[in-house]
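**Q** have a look; sequence and predicted model below, questions after that.
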Amino acid sequence: MALRLNGSNTGYVELDVPADAGSHTLILPDGGGTAHQVLKNSATAGTLEYGLALPTGNGTSGQYLQTDGLGGSSWVTPAAGGKLLQSQYTEKTDVFSLSADQTWTDVTGMSLSITPSSSSNHVLVSFDWAFSGDQNYTQFRIYRGSDLIYVGDSSSDGQQSAGSYLTNTVIYVSCVRSSVFFRDSPGTTDPVTYKMQMYKDGSQNSYINRSFNTGSYTGRTASSITLMEVAG
């Protein structure tokens, strides 16, 4: 196979495929002078491996080259969905003690705000905490502003919560690690605040970041919140 270049008036120049096998590549303007044609011979002498027409211009930053499988190509902008845009983080290292019985109570230090850049974006929400108690039913739930989120359906025979536990003699001397991780869609560009509430049903206190019992054999822990905005 030969490549023939016609002159502007008459005559032409003809380039044949190299007779020897190997890597030989030729890049030339197309007929309109606005794109390029890439030709490469194959490992078999005298035959052409492929021909690819490149798009015009250099594209823009972040674009990639996509082929149509038929010898044509174009610059393509990647889809924006799923890209991490920002993150917010807070850590609680002090102890929270809950004495109020059968009362949902805000956990001090376990709230964090984020301002989405677009109302179509999502927020990945992560709460991580450690807690203890003694013979209590202990529960936790998450709010976005005044909206209760990531809980089960409402029921007359149970609390809506993100986690429900019976603290027994094992948890009496230890801190149990728990966490939630989910995607939320706040649908706004206003600042939104996520917070945790705690609930117990029992005569003894429940705690975050310490065991119910204390002593040199027990530990003090940390809890945290991470918020990550991702493109919708």
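**A** Noted; the coordinates are in hand. Residues are numbered from 1 along each chain as shown.
**Q** just the helices from this structure, written as ranges.
**A** Here the chain has its helices, by DSSP state H, at 169-172.
**Q** wait, residue 88 touches residue 112, no?
**A** Yes. Applying Cβ atoms under 8 Å, one finds residue 88 in contact with residue 112, separated by 5.7 Å. In this view, the C-beta of every residue, glycine as well, is placed from N, C-alpha and C.
**Q** how close does residue 133 get to residue 220?
**A** Applying Cβ to Cβ, to the nearest Å, the value for residue 133 to residue 220 is 16 Å.
**Q** more neighbours: these two, which one.
**A** residue 133 (23 against 13; other Cβ atoms under 10 Å).
**Q** so, low pLDDT: which residues of this structure?
**A** 1-52, 80, 168-173 (pLDDT under 70).
**Q** re earlier: between residue 88 and residue 112, what contacts are shared?
**A** residue 227 (Cβ atoms under 8 Å, 6 or more residues apart in numbering).
**Q** with neighbour numbers in mind, choose between the two.
**A** residue 112 (19 against 15).
**Q** residues in contact with that one?
**A** 88-90, 193-195, 225, 227.
**Q** against residue 161, how distant is it?
**A** For residue 112, the distance to residue 161 - Cβ to Cβ - is 19 Å.
**Q** can you add distance to residue 175 and give the contacts of residue 112 back as JSON lines?
**A** Shown next, in JSON lines, are the contacts of residue 112 (distance: Cβ to Cβ, whole Å):
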{"residue": "88", "distance to residue 175": "25"}
{"residue": "89", "distance to residue 175": "21"}
{"residue": "90", "distance to residue 175": "19"}
{"residue": "193", "distance to residue 175": "26"}
{"residue": "194", "distance to residue 175": "22"}
{"residue": "195", "distance to residue 175": "21"}
{"residue": "225", "distance to residue 175": "18"}
{"residue": "227", "distance to residue 175": "24"}
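**Q** now the residues you listed: which count as buried?
**A** 194-195, 225, 227 (16 or more other Cβ atoms under 10 Å).
**Q** of all those, which two lie farthest apart?
**A** The two members of the buried ones among the contacts of residue 112 with the most space between them (Cβ to Cβ) are 195 and 227, at 11.5 Å.
**Q** how is this protein divided into domains?
**A** 2-76, 84-230 (automatic domain parsing).
**Q** hey, which of the ones you listed is tucked in deepest?
**A** Stretch with highest mean neighbour count among the domains of the chain: domain 84-230 (a mean of 16; mean count of other Cβ atoms under 10 Å).
**Q** start and end of that domain, how far apart?
**A** Terminal residues of domain 84-230 are spaced 5 Å apart (Cα to Cα, to the nearest Å).
**Q** mind listing what residue 87 touches?
**A** Residue 87 touches 226-229, counting by Cβ under 8 Å, 6+ apart.
**Q** can you do 7 Å?
**A** 226-228 (Cβ atoms under 7 Å, 6 or more residues apart in numbering).
**Q** beta partners for residue 225?
**A** residue 90, residue 127 (DSSP bridges).
**Q** ok, it to residue 144 distance?
**A** Taken as Cβ to Cβ, the span from residue 225 to residue 144 is 12 Å.
**Q** next one: residue 176
**A** 25 Å.
**Q** same check, this time on residue 110
**A** For residue 110, the distance to residue 144 - Cβ to Cβ - is 14 Å.
**Q** what of residue 109?
**A** Taking Cβ to Cβ, one finds residue 109 at 18 Å from residue 144.
**Q** and what of residue 70?
**A** Residue 70 is 49 Å from residue 144, by Cβ to Cβ.
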